[in-house]
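Enquirer: how would this look folded up:
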Amino acid sequence: MTDKRDLLIIGGGLVGMTLAIAAARKGISSHVIDRADPADLTAEGFDGRATAISTASWNLFQNIGIADTLEPHGCPISSIAVTDQMKPGQIDFQPEPHEGSLGRMFANRTLRVTLFDQAAKEELIDWHSSAEVVSRHRDEFGVSVILADGRKLAGSLMIAAEGRGSPTRDQAGITIANWQYSHRAIIAGLEHEKSHDGVAWEIFYEDGPFALLPLLDKDDGTHRSALVWTVDESDAAGMLKLSDRGFLAEVEAQMGGMFGAITSVGTRSSYPLGFHHTAKITDQRLALIGDAAHGIHPIAGQGLNLGLRDVGALVEVLCEGARLGLDFGDAQLLERYERWRGLDSFMVALATDGLTRLFGVPGKTASAIRRVGMSAVQRTPVLKSWFMDEARGVTGDLPELLRA
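Expert: So this is what the prediction gives:
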């Protein structure tokens, strides 16, 4: 017997599950299928990463009713400091008094736990965890999948939310442009002597950016930050093999003592950095969201936020279609989603790729030119405001769910 709902969401990560909850709040039902066990994904130590949630993404969380649960666990970003090798020419981005902050930092585990808890309570979400899709089918009448245990699930629209290696996207034959940066991001949690004061630091070195992202203090008052350190692929294995003492010494050398002594480092992990962007984000009764559609360098912290913009736009398009009596897989609706998100996501991806290459140019002359440019931005309020609005995700044609 076939179990049919409105949406078939393949991939129940941060973006896929946010879509399911946002759709449910609008009365749209879904199957969410994910091969992972949620107990593994929410286990302590599974994922030491932290994510900056932009102002627009926070509006989304407020509008779908999960912000109150998340609020106590997020560290407000009071300002962003951007510097080239800690030399003169720094940019300091600070919000206007009425804006409160430039975003909030959350541990990925906190985001997952909150989303999974909400999804488990939602009647319009049928969540299939630890499930393997062995067959996908799309035609003019609907979509369906067959799971490894023989169950058949159906819907009107299939959503590919499996991440960078999306098999649903690949099966659809959607062309993708991609390349690797020959760098890896090393992730670790740090405990340190001095307070970060809510400042997010982006320090550019020739090998790549060295980002320090503020986290809430521990209950005993210990100050904490999340480290995202981009290193050359050839150096990554050695950095991961260093003793904690050796690694801390390397970190302190990059930081110049700004947080005092580094007293502890958490479990280190790493992942390769690359770029990919699909030629299109829709096909017959298929929509791509998040990393299935676009994968960018973490240089500007926009990866998840870009996926959440996809969520807001797709839900709005589907709701408008429902009001007009259209099927959720209608080609007109998918065309509107394609027009809305295709160009915006491409421009953000292009900008982050450009920044990655610009700040990776070696040499004293290149560094001096970058610092002159940053000084000019620092002295130009209009430019600073534009960059801040981009970081906060409040520019362009925003979906209703991402507005305050």
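
Enquirer: can you give me the strands in the stretch 51-200 of the chain?
Expert: Here the stretch 51-200 of the chain has its strands, by DSSP state E, counting those that start in this stretch, at 75-76, 79-84, 91-93, 104-107, 125-128, 133-139, 142-147, 152-155, 157-160, 176-192, 199-205.

Enquirer: Helices of the chain, start to end?
Expert: Under the criterion DSSP state H, helices of the chain are mapped to 14-25, 38-41, 55-63, 67-70, 108-121, 167-171, 233-241, 244-255, 303-323, 331-358, 364-378, 381-392.

Enquirer: Determine which of those approaches residue 90 most closely.
Expert: Of all these, helix 364-378 sits nearest to residue 90, with 6.8 Å by C-beta to C-beta. Where you see a C-beta, it was placed from the backbone N, CA and C, and this is true even at glycine.

Enquirer: who does that closest one touch, helix- and strand-wise?
Expert: Judged by 3 or more C-beta pairs under 8 Å, 6 or more residues apart in numbering; DSSP states H and E, the packing partners of helix 364-378 are strand 79-84, strand 91-93, helix 381-392.

Enquirer: need these in CSV with distance to residue 351, mean pLDDT and mean neighbour count, can you?
Expert: Listed next are those as CSV, based on distance: least, C-beta to C-beta, whole Å; pLDDT from 0 to 100; neighbours: other C-beta atoms under 10 Å:
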stretch, distance to residue 351, mean pLDDT, mean neighbour count
strand 79-84, 14, 91, 20
strand 91-93, 16, 87, 18
helix 381-392, 8, 80, 15
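
Enquirer: In CSV: those, plus distance to residue 163.
Expert: Shown next, in CSV, are the helices and strands packed on helix 364-378 (distance: least, C-beta to C-beta, whole Å):
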stretch, distance to residue 163
strand 79-84, 27
strand 91-93, 30
helix 381-392, 24
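
Enquirer: wait, which of these is closest to residue 10?
Expert: helix 381-392 (30.6 Å).

Enquirer: for the closest residue to residue 126 other than its chain neighbours, what are its contacts?
Expert: The spatial neighbour of residue 126 that comes closest, neighbours along the chain excluded (C-beta to C-beta, 6 or more residues apart in numbering), is residue 31 at 5.0 Å. Neighbour list for residue 31: 3, 5, 7, 8, 9, 126, 128, 153, 155 [criterion: C-beta atoms under 8 Å, 6 or more residues apart in numbering].

Enquirer: show me what contacts the second one?
Expert: With contact set as C-beta under 8 Å, 6+ apart, residue 5 has these partners: 29, 30, 31, 124, 126, 153, 154, 155.

Enquirer: nearest to residue 190, of these?
Expert: Nearest to residue 190 among these, with distances taken as C-beta to C-beta, is residue 30, at 38.5 Å.

Enquirer: Tell me if I'm right that the closest one and residue 124 touch.
Expert: Yes: Residue 30 lies in contact with residue 124 (C-beta atoms under 8 Å); the separation is 6.9 Å.

Enquirer: Those two: who's more crowded?
Expert: Higher neighbour count among residue 30 and residue 124: residue 30, with 26 against 18, using other C-beta atoms under 10 Å.

Enquirer: And that one, how far from residue 117?
Expert: When distance is defined by C-beta to C-beta, to the nearest Å, residue 30 is 17 Å away from residue 117.

Enquirer: per-residue pLDDT, residue 1?
Expert: Note on residue 1: pLDDT of 60.

Enquirer: quick one on the thing from earlier: residue 211: which of the contacts of residue 31 is nearest?
Expert: residue 9 (30.7 Å).

Enquirer: you'd agree that closest one is up against residue 32?
Expert: Yes: counting by C-beta under 8 Å, residue 9 does reach residue 32; the two are 4.7 Å apart.

Enquirer: Give me the common contacts of those two.
Expert: Joint contacts of residue 9 and residue 32 (C-beta under 8 Å, 6+ apart) are 16, 20.

Enquirer: Tell me, how many residues neighbour residue 270?
Expert: For residue 270, the neighbour count with other C-beta under 10 Å is 19.

Enquirer: again with residue 62
Expert: 16.

Enquirer: so what pLDDT did it get?
Expert: Value listed for residue 62 in the pLDDT field: 97.

Enquirer: what does residue 4 give?
Expert: pLDDT, read off for residue 4, is 94.

Enquirer: Tell me which residues touch residue 189, please.
Expert: 48, 50, 215, 224, 225, 226, 227, 265, 266, 267.

Enquirer: do the same with residue 66
Expert: Residues in contact with residue 66 (C-beta under 8 Å, 6+ apart) are 21, 114, 115, 118.

Enquirer: Output these as TSV; include the columns distance to residue 232, pLDDT and neighbour count.
Expert: Listed next are these as TSV, based on distance: C-beta to C-beta, whole Å; pLDDT from 0 to 100; neighbours: other C-beta atoms under 10 Å:
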residue	distance to residue 232	pLDDT	neighbour count
21	39	98	25
114	36	97	20
115	34	97	26
118	40	96	20
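
Enquirer: What is the most widely separated pair among those residues?
Expert: Within the contacts of residue 66, 21 and 114 form the most distant pair, 9.9 Å apart (C-beta to C-beta).

Enquirer: quick one: residue 332 and residue 326 touch, right?
Expert: Yes: counting by C-beta under 8 Å, residue 332 touches residue 326, with 6.9 Å between them.

Enquirer: At the geometric centre of the protein, which residue do we find?
Expert: residue 304 (1.5 Å; C-alpha atoms, centre = their mean).

Enquirer: Now do that one against residue 251, distance only.
Expert: Residue 304 is 24 Å from residue 251, by C-beta to C-beta.

Enquirer: I'd say residue 207 and residue 236 touch.
Expert: No: here residue 207 does not reach residue 236: they are 10.5 Å apart, not a contact under C-beta under 8 Å.

Enquirer: and these two? which has more neighbours close in?
Expert: Neighbour totals were compared for residue 207 and residue 236, and residue 236 leads with 19 against 14 (other C-beta under 10 Å).
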